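Asks: Please work out how this folds:
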Amino acid sequence: MVKTIELLRSGRKKEIWERYCGYLDMSLDQVMGIQTSLLAEQLAAYGSCGLWQGIMKGAKPASVEEFRATVPFTTYRDYAPALLAKDEAGLPEKAHTWLHTSGRSGEYEVKWIPYSQALYEKVGEAFLAAFIVSAAKKKGEVALREGMSFPYLLAPPPYISGVITESLLEAFPFSVLPSLDRAVSLGFQERITEAFDCAMSEGLDFFWGMTSILMKLGESFGSAGKGSRGSAGALLRRPRALLRIGRGLLSAALQGRQLMPKDIWKVKGAICGGMDTTILKDKVAELWGLVPLEGYGCTEFGAIAFQTWSREHLTFYPYMNFWEFITEKDYRSLLKDPGYIPRSRLLDEVRAGEDYVLVGTNFHGGAMLRYILGDLVRIVSLEDSRAGIRLPQMTFVSRIDGLIDIGGFTRLTEKTIWLAIQDSGLPYEEWSIRKENSGDSPRLKLYIELREPGATAQSVSERVHESLKALDAPYRDMEEIAALRPMSVTLLTKGTFRRYFEERQASGADLAQTKPPHVNAPDKVIDNLVRMSDWRI
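Replies: Now for the predicted structure:
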């Protein structure tokens, strides 16, 4: 197959679009044809492997219907004995690389996931498609050129972000700032500093990472010179950096505001993850001059779904996994009765406005079989008419265990709570919230670190409470009908979350476990936050 860079050099951009983004031009029937064909290939090639036969208990499904009728749903517990030991004997395909993500407290610290060579290549192709779409203003537009760069602001291998980056660079030779070998040898803060020092001289075309990082980096440009560590003498030895900063300062001054990243660079595209993308996108656009494209993925599945040029909802990526959906009601019945067998829905059977628990089966020799990720997603519509996409559109709702039920009136998601805190106008650093019992009444207890002093716990409680009422009608009804007002706040001192991160990092904790969960944190985590809040340093 002709390399992408060769297609670009010969001006064959249409072929690049068709290779990576062609699924966005397809009908639902065409996408289901791809899903069915790839599943059949996976079952034919790997259905007899030891790991899968242990799960399927001898079943050999020959069709999608047989597959759904005979193969049980799985969770990581079904794979843990083999995958935690990195035992490749029973895998569908020998692992090209092993990735890890956070595990389950009290059971295992990390979850190891094998990627076959083909699965590794496919995740890079998926994210190259996202890069292309992030810089596109319309369907079919390919703005790639040689030498385009992005900063390495990600966790290195064996984390999924680092593996994606390596695969992406094999699909297309982007310039990484700093170089890949250099980047993975640095600590996170050093990596950020050096990446933007390089970008000052060499420019910056793309960004990909967490939206919260993109915003915090943008906010750090609040005063002249924060875009670079260098002294005046150092800048004089880097004339391109000096020119870039000078132009940026002039642009900001002419508009009567502080320096922002958009004054320094004209970024072509940004791919960001995390539910905060929806919440922070307007602020990111103000700072960086573009709205980031939201991506949704995980270690077990790689690429799940991406936004398009419309920046509306997300479209499922069809080439890495076979997608199934369990209604939330059926899933909760399954939790209560393990013998209950819910009927899944396929991508052409989902309904607009309904929430589902996502289930996936890896293609290309991957190990996960009818794997329940634990994510609750909503099918918002069956197409994106604005972008001309004829495929179901989704949005992430919550972890299925990340819901807070208050008095049976409302079940709040992390996204709703985050939006309420954001809409309250409170300048906050970080937060964590959970349901706590106070006598006979449930309390919605928010632990929050503010960036600026002056607010009281009561005033913060009032503002977040009012925001929740505006966003969530059942929450509003709870107060009006039952006179329940569950919101309670504990203000944490400045630096609490930083101290928590540093202590967890010093203890050797997995990167994904250095930050407290936003929702339903266990007692130990909350106790540590309160303890660190009492450190007056």
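Asks: now the helices: where do they sit in the stretch 401-537 of the chain?
Replies: With DSSP state H, counting those that start in this stretch as the criterion, the stretch 401-537 of the chain has helices at 414-423, 457-471, 473-482, 496-506, 523-533.
Asks: Could you tell me the least trusted of the ones you listed?
Replies: Here the lowest mean pLDDT among the helices of the stretch 401-537 of the chain goes to helix 473-482, at a mean of 79.
Asks: Compute the inter-axis angle for that one and helix 457-471.
Replies: Helix 473-482 runs at 110 degrees relative to helix 457-471, counting by axes from the mean of the first three to the mean of the last three C-alpha atoms, to 10 degrees.
Asks: How about the secondary structure of the spatially closest residue to residue 25 that is not a sequence neighbour?
Replies: Residue nearest to residue 25 in three dimensions, not counting chain neighbours: residue 139, with 7.0 Å by C-beta to C-beta, 6 or more residues apart in numbering. All C-beta spots, glycine's among them, are computed from the backbone N, C-alpha and C. Following DSSP: H, G, I helix; E, B strand; the rest coil, the label given to residue 139 is coil.
Asks: try residue 111
Replies: Judged by three-state DSSP, the three-state class of residue 111 is strand.
Asks: sorry, back to before: which one of the helices of the stretch 401-537 of the chain is the most hemmed in?
Replies: Greatest average neighbour count among those goes to helix 414-423 (a mean of 20), per mean count of other C-beta atoms under 10 Å.
Asks: what residue ranges in the stretch 201-350 of the chain score low on pLDDT?
Replies: Residue ranges of the stretch 201-350 of the chain with pLDDT under 70: 222-237, 275.
Asks: Could you pull out the helices in it for me?
Replies: So, for the stretch 201-350 of the chain - with DSSP H, counting those that start in this stretch - the helices run 211-219, 232-236, 239-254, 261-264, 276-288, 328-336.
Asks: distance between the fifth one and the chain's centre?
Replies: Okay, so that is helix 276-288. In terms of C-alpha atoms, centre = their mean, to the nearest Å, the centre of helix 276-288 is found 15 Å from the chain centre.
Asks: Same check on the last one?
Replies: Taking the mean C-alpha point of helix 328-336 and that of its whole chain, the gap between them comes to 25 Å (C-alpha atoms, centre = their mean).
Asks: Would you map out the domains in the chain?
Replies: Domain assignment of the chain by automatic domain parsing yields the ranges 119-295, 404-533.
Asks: so can I have a markdown table of those domains showing distance to residue 309?
Replies: Formatted as a markdown table, those follow (distance: least, C-beta to C-beta, whole Å):
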| stretch | distance to residue 309 |
| --- | --- |
| domain 119-295 | 5 |
| domain 404-533 | 23 |
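Asks: export the helices of the stretch 401-537 of the chain to JSON lines and tack on distance to residue 45?
Replies: Shown next, in JSON lines, are the helices of the stretch 401-537 of the chain (distance: least, C-beta to C-beta, whole Å):
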{"stretch": "helix 414-423", "distance to residue 45": "38"}
{"stretch": "helix 457-471", "distance to residue 45": "48"}
{"stretch": "helix 473-482", "distance to residue 45": "48"}
{"stretch": "helix 496-506", "distance to residue 45": "42"}
{"stretch": "helix 523-533", "distance to residue 45": "43"}
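Asks: Residue 135: which of the ones you listed is closest?
Replies: Residue 135 lies closest to helix 414-423 among these, at 26.8 Å (C-beta to C-beta).
Asks: just to revisit the earlier point, for the domains of the chain, which one ends up most surrounded?
Replies: domain 119-295 (a mean of 18).
Asks: now do the same end-to-end measure for that domain.
Replies: 18 Å (C-alpha to C-alpha, to the nearest Å).
Asks: Likewise for stretch 344-351?
Replies: Using C-alpha to C-alpha, one end of stretch 344-351 lies 13 Å from the other.
Asks: Same check on stretch 347-358?
Replies: End-to-end distance of stretch 347-358 (C-alpha to C-alpha): 11 Å.
Asks: same thing with stretch 424-443?
Replies: Terminal residues of stretch 424-443 are spaced 19 Å apart (C-alpha to C-alpha).
Asks: Pull the residues that contact it.
Replies: By C-beta atoms under 8 Å, 6 or more residues apart in numbering, the residues outside stretch 424-443 that reach it are 404-407, 417, 421, 444-452, 455, 460, 463-464, 466-467, 484, 486-488, 494, 497, 515-521, 525-526, 529.
Asks: Quick check: mean pLDDT of that stretch?
Replies: 85.
Asks: Likewise for stretch 369-381?
Replies: 94.
Asks: gap between that stretch and the chain center?
Replies: 14 Å.
Asks: Going forward, count from 3.
Replies: Let's use 3 as the start, then, which means that last one is stretch 371-383.
Asks: Give the buried residues for it.
Replies: 371-382 (16 or more other C-beta atoms under 10 Å).
Asks: Please produce CSV containing those, extended by secondary structure and distance to residue 31.
Replies: Converted to CSV, these look like this (DSSP: H, G, I helix; E, B strand; the rest coil; distance: C-beta to C-beta, whole Å):
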residue, secondary structure, distance to residue 31
371, coil, 25
372, coil, 23
373, strand, 26
374, strand, 27
375, strand, 26
376, strand, 30
377, strand, 26
378, strand, 27
379, strand, 22
380, strand, 23
381, strand, 17
382, strand, 21
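Asks: Any chance of TSV for the residues you listed, columns distance to residue 283?
Replies: Listed next are the buried residues of stretch 371-383 as TSV, based on distance: C-beta to C-beta, whole Å:
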residue	distance to residue 283
371	35
372	34
373	30
374	29
375	24
376	25
377	20
378	21
379	19
380	18
381	21
382	16
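Asks: Test my guess that residue 219 contacts residue 263.
Replies: Yes: counting by C-beta atoms under 8 Å, residue 263 is a contact partner of residue 219 at 7.1 Å.
Asks: picking that back up, for the residue nearest to residue 27, give me its contacts.
Replies: Applying C-beta under 8 Å, 6+ apart, one finds that residue 141 lies in contact with 26-27, 310-311, 389-390.
Asks: Need the per-residue pLDDT for it.
Replies: pLDDT recorded at residue 141 is 95.
Asks: Relative to residue 414, how far out is residue 436?
Replies: From residue 436 across to residue 414, the span is 11 Å (C-beta to C-beta, to the nearest Å).
Asks: Tell me the residues that contact both of the two, please.
Replies: Common neighbours of residue 436 and residue 414, counting by C-beta under 8 Å, 6+ apart, are residue 406.
Asks: and stretch 24-37, how far apart are its ends?
Replies: Stretch 24-37: ends 15 Å apart by C-alpha to C-alpha.
Asks: no wait, stretch 79-95
Replies: Counting by C-alpha to C-alpha, you get 20 Å between the two ends of stretch 79-95.
Asks: which parts of that stretch are buried?
Replies: 80-82, 84-86, 93-95.
Asks: Excluding covalently adjacent residues, which one is nearest to residue 420?
Replies: Leaving aside its chain neighbours, residue 420 sits nearest to residue 281 (5.5 Å; criterion: C-beta to C-beta, 6+ apart).
Asks: which ones are touching the one you found?
Replies: Counting by C-beta under 8 Å, 6+ apart, residue 281 touches 417, 420-421, 424.
Asks: Those into a markdown table, with extra columns for distance to residue 161?
Replies: Compiled in a markdown table, the contacts of residue 281 are given as follows (distance: C-beta to C-beta, whole Å):
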| residue | distance to residue 161 |
| --- | --- |
| 417 | 24 |
| 420 | 23 |
| 421 | 28 |
| 424 | 27 |
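Asks: Tell me the one among these nearest to residue 99.
Replies: Distance to residue 99, by C-beta to C-beta, is smallest for residue 417 among the contacts of residue 281, at 31.8 Å.
Asks: mind checking how far that closest one is from residue 424?
Replies: Distance from residue 417 to residue 424, by C-beta to C-beta: 10 Å.
Asks: before we move on, what about residue 388?
Replies: 25 Å.
Asks: With residue 14 instead?
Replies: From residue 14 across to residue 424, the span is 44 Å (C-beta to C-beta).
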